[in-house]
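K.L.:
what's the 3D shape of this:
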Amino acid sequence: MSHFYNVLYAEVGAKFYEDEFINQYKDILNELPRNSKVLDSSCGNGVKATALKRKDIEVVGTDISEEMIRLTEEYAKNNNLTFPTKQLSWQELPFNFTEEFDVVFCCGNSISHSLSLTEMLTNIKSLYKVAKKGGKIIIDTRNWDKVLNANLRFNTSNIIEYNDKRYMFTYIWNLNGFNKISNVEILFIEIIDGKETKCKPLKLDFMPFTHDEFMLILKECGLKVLKDNFHIESDNYSVILEK
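P.N.:
Below you'll find the predicted structure:
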């Protein structure tokens, strides 16, 4: 997965994704009082957490994956930055932190890896528990309404050049409908001399859910929706919530 992420981000550069993230949430970040604390609860390869630290924001990065924590620490180190990281699932967060974050991020379509609506409710309640009263929780997700309506089966990336090699990705979507465990198979293809290919398969499980169901879960958690940029034609959407 580490090489996969490196190639994936090589197309436009990790700094581009840092800047895009900061710009998307600049209004919230610029309003943070001094000494505010931010949690990136699904830090992945560390691009977003590093972007926050680069803005001199006190950030903690957590992820359920040991490899993602390693990637986060490596990316931060390569940018001459450090911040605390912990390998934790969402449900473990309240046992490690208690109502101490001004902002909690759950980005990168991570919430879709909750494999039932009940599990999603429990995961979001965990985010709620570690946020301060009046704190913000920000969640983004793929627009599963659009994906399932389109009955997507395959899609392929452009060719990406990285370290003098050429790569492309093919995604094979195995969709079973809303609220049912589905998966995507990612064929990570290295093109050798334009004649041969070397393929490494990856597989990720997730659960598609409708926007309406997601809103009901957020309401059940006791969260106030401040902003929701869902549109039926958008590929992704994010919600900004307040505890």
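K.L.:
which residue ranges form the helices in this structure?
P.N.:
Shown for the chain, the helices assigned by DSSP state H span residues 2-10, 14-24, 26-30, 47-54, 66-78, 117-130, 144-150, 211-220.
K.L.:
pick the most buried one from these.
P.N.:
With neighbours defined as mean count of other Cβ atoms under 10 Å, the helices of the chain peak in mean count at helix 47-54, which reaches a mean of 25. In this view, the C-beta of every residue, glycine as well, is placed from N, C-alpha and C.
K.L.:
would CSV of the helices of the chain with mean pLDDT be doable?
P.N.:
Written out in CSV, the entries for the helices of the chain read as follows (pLDDT from 0 to 100):
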stretch, mean pLDDT
helix 2-10, 79
helix 14-24, 94
helix 26-30, 96
helix 47-54, 97
helix 66-78, 95
helix 117-130, 98
helix 144-150, 95
helix 211-220, 97
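K.L.:
which one of these lies nearest to residue 186?
P.N.:
Each of these was scored for nearness to residue 186 using Cβ to Cβ, and the closest is helix 2-10 (7.6 Å).
K.L.:
what's the angle from that closest one to helix 47-54?
P.N.:
For helix 2-10 against helix 47-54, the angle by axes from the mean of the first three to the mean of the last three Cα atoms, to 10 degrees is 70 degrees.
K.L.:
the inter-axis angle of helix 2-10 versus helix 14-24?
P.N.:
Going by the same axes, to 10 degrees, helix 2-10 makes 70 degrees with helix 14-24.
K.L.:
ok, and what's touching helix 2-10?
P.N.:
Identification of contacts with helix 2-10 by Cβ atoms under 8 Å, 6 or more residues apart in numbering yields 17, 44-45, 47, 67, 70-71, 160-162, 167, 169, 186, 188, 200, 202.
K.L.:
now with 7 Å?
P.N.:
When contacts are defined by Cβ atoms under 7 Å, 6 or more residues apart in numbering, helix 2-10 is touched by residues 17, 45, 67, 71, 160, 162, 167, 188, 202.
K.L.:
do the same with stretch 103-112
P.N.:
Residues outside stretch 103-112 that contact it (Cβ under 7 Å, 6+ apart): 28, 38-42, 44, 48, 120, 123, 127, 130-131, 135-142, 206-207.
K.L.:
so how far is residue 7 from residue 104?
P.N.:
In this structure, residue 104 lies at 29 Å from residue 7, with Cβ to Cβ, to the nearest Å as the measure.
K.L.:
measure the spatially most central residue of the chain to residue 17 for me?
P.N.:
The structure's the chain has its C-alpha centroid closest to residue 108; by Cα atoms, centre = their mean the separation is 1.8 Å. As defined by Cβ to Cβ, residue 108 lies at a distance of 10 Å from residue 17.
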